[in-house]
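Enquirer: predicted model, plus sequence, below.
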Amino acid sequence: MVLPELPDFMRTLGGEDYIGLHITFFTLTALISRPFSGKLTDTWGRLPVMVFGCLVTAVVSMVYPFFLNIYAFLFIRFIHGFSTGFKPTGTAAYVADIVPVERRGEGMGILSFFGMTGMGIGNYLGGEIALHFDTDILFYSSGGVAVLSVLTLLGMKETLPDRQNFSWNLLKIKKSDIYEPTVLVPSVVMMLVTFSFGTALTLAPDLSVHLGIANKGLFFSYFTFTSLFSRVIGGRLSDIFGRRKVLIAAMLIVAVGSVYIGFAISPFHLFAGAMIFGAGYGLSSPALFAWAADLAPDQFRGRGFSTLFMALEIGIGTGAMLAGQIYNGNAENFPIVFSGCGSLAFLAFVFLLFKGK
């Protein structure tokens, strides 16, 4: 809900030079918290980790309007990153627990479908709220939705057998808790493909304005539209033909979509590029998560997903930071930035061909 409006909100705080850091700070905290969320998911339980992540979003969204200088805002974005550092790790492990192994890709596709439905509707509603009300109402609305998530989770049953009660000792992280080596290949692919996503999160609002589009959330709505269907289809296809084959096709589609977005000269071209990009990105997501679930040992499933999510955060955060620096408020740099993203997706395609078997 809030992402499309954050660049403009930062400008009102005098943060023009910090565009892109709102994504980087958010993902940095998520990256730091992943080893903790992975360990807690495998010991404390899936549900407590999910509830904690939702509570962070609920609280932080309510306090955004009270931090009205750029440094305080970036600090709150840093804290907000704990939400995505915890919630998706617990959720992915929960789904892997309850879905049959032979339909794991399909299950991850359904999970991705609902996640992207929320993102698509949220981006559109966030843009409409900002147009007709103000950003304070937008932040409060986002927090209210997070509260509904907490209430939903409270009605679910824990799936982790022999879970431990929380203790501070569970927060002691050893070297082995940080990284699960069995999921290296999907993690490398995840990092390369999410670079494009971090760039889109950062620059799509400004590119929309440059092309005369009033609602800066429409790009993500078109992206989500094709991503929704490709996630369900891609997950099932990965069960039938294998994760690697689906990912090879997905990387090529992402590469084409990224370059097309960078050279868009009208709203039609931008939205077409968003749909191509969404189709490729949607194909890749359930296959990557199912692949990580296939490879990680059952007792370290949370750690496997936290490793995959760390790769996601590195890709998104690096993409957001570099995109903001290279773009630097100059519309002539859009083709350069998005073509670079396409090149990294193509690199993932080559990596899968030779190293992904």
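Expert: Perfect, thanks for sending it.
Enquirer: hey, let's count contacts and neighbours off CA atoms from now on
Expert: OK.
Enquirer: what's the helix or strand harbouring Thr84 packed up against?
Expert: Secondary-structure assignment from DSSP states H and E places Thr84 in helix 70-98. The contact analysis (3 or more Cα pairs under 8 Å, 6 or more residues apart in numbering; DSSP states H and E) places helix 70-98 against helix 21-43, helix 46-63, helix 104-132, helix 301-327.
Enquirer: ok, which stretches of the stretch 251-357 of the chain are helices?
Expert: When assigned using DSSP state H, counting those that start in this stretch, the helices of the stretch 251-357 of the chain occupy the ranges 267-295, 301-327, 334-355.
Enquirer: which parts of the last one are buried?
Expert: Okay, so that is helix 334-355. Of the residues in helix 334-355, those buried under the neighbour-count criterion (16 or more other Cα atoms under 10 Å) are 334-335, 337-349, 351-352.
Enquirer: got the contact list for that helix?
Expert: Residues lying outside helix 334-355 but in contact with it, judged by Cα atoms under 8 Å, 6 or more residues apart in numbering, are 185, 188-189, 192-193, 195-196, 199, 207, 244, 247-249, 251-252, 254-259, 261-263, 323, 326-327.
Enquirer: so what's Val99 closest to, chain neighbours aside?
Expert: Gly107 (6.2 Å; Cα to Cα, 6 or more residues apart in numbering).
Enquirer: count the residues that sit near that neighbour.
Expert: By the measure other Cα atoms under 10 Å, the count of residues near Gly107 is 25.
Enquirer: buried sites along the helix or strand containing Arg244?
Expert: With secondary structure defined by DSSP H and E, Arg244 is part of helix 243-262. For helix 243-262, the neighbour count (16+ other Cα under 10 Å) marks 243-248, 250-262 as buried.
Enquirer: pull the distance from it to the chain's centre.
Expert: The gap between the average C-alpha position of helix 243-262 and the chain average comes to 17 Å, counting by Cα atoms, centre = their mean, to the nearest Å.
Enquirer: what's the answer for stretch 182-193, then?
Expert: Stretch 182-193 has its average C-alpha position 14 Å from the chain's average C-alpha position, going by Cα atoms, centre = their mean.
Enquirer: and the contacts of that stretch?
Expert: 251, 254, 281, 288, 291-292, 295-296, 304, 307-309, 311-316, 344-345, 347-348, 351-352, 355-356.
Enquirer: ok, back up a step: let me have the helices of the stretch 251-357 of the chain in TSV, extended by mean pLDDT.
Expert: As requested, the helices of the stretch 251-357 of the chain are arranged in TSV below (pLDDT from 0 to 100):
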stretch	mean pLDDT
helix 267-295	95
helix 301-327	91
helix 334-355	94
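Enquirer: quick one, phi/psi of Gly212?
Expert: Backbone torsions of Gly212, given as degrees, to the nearest 10, read phi 80, psi 30.
Enquirer: how near is it to Arg104?
Expert: Using Cα to Cα, to the nearest Å, one gets 42 Å for the distance from Gly212 to Arg104.
Enquirer: neighbour count: these two, which is higher?
Expert: Each of Gly212 and Arg104 had its neighbours counted (other Cα under 10 Å), and the higher figure belongs to Arg104 (26 against 12).
Enquirer: pretty sure the more buried one contacts Asp239?
Expert: Yes - taking contacts as Cα atoms under 8 Å, Arg104 lies within contact range of Asp239: 7.1 Å.
Enquirer: can you report phi and psi for Gln164?
Expert: According to degrees, to the nearest 10, Gln164 has phi -100, psi 150.
Enquirer: what's near enough to touch it?
Expert: Applying Cα under 8 Å, 6+ apart, we find Gln164 in contact with 43-45.
Enquirer: neighbour-wise, which of those leads?
Expert: The most crowded member of these is Gly45, carrying 26 neighbours; neighbours defined as other Cα under 10 Å.
Enquirer: separation between that one and Glu158?
Expert: 7 Å.
Enquirer: and the helix holding Thr84, which residues are buried?
Expert: Buried residues in helix 70-98, counting neighbours by 16+ other Cα under 10 Å, are found at 70, 73-74, 76-97.
Enquirer: and stretch 175-188, by the same measure?
Expert: Neighbour-count burial for stretch 175-188, with 16+ other Cα under 10 Å as criterion, is recorded at 177-180, 182-188.
Enquirer: and the helix holding Thr84, how far from the chain's centre?
Expert: Distance, centroid of helix 70-98 to centroid of chain: 10 Å (Cα atoms, centre = their mean).
Enquirer: surely Gly317 and Thr29 touch.
Expert: No - at 10.2 Å, Gly317 does not count as touching Thr29 under the criterion of Cα under 8 Å.
Enquirer: in terms of neighbours, single out the busier of the two.
Expert: Between Gly317 and Thr29, Gly317 has the larger neighbour count (other Cα under 10 Å), namely 30 against 20.
Enquirer: measure the closest residue to the more buried one other than its chain neighbours to Met321 for me?
Expert: Nearest-residue entry for Gly317: Thr24, 4.3 Å, with adjacent residues in sequence omitted and distances by Cα to Cα, 6+ apart. Taking Cα to Cα as the measure, Thr24 and Met321 are separated by 6 Å.
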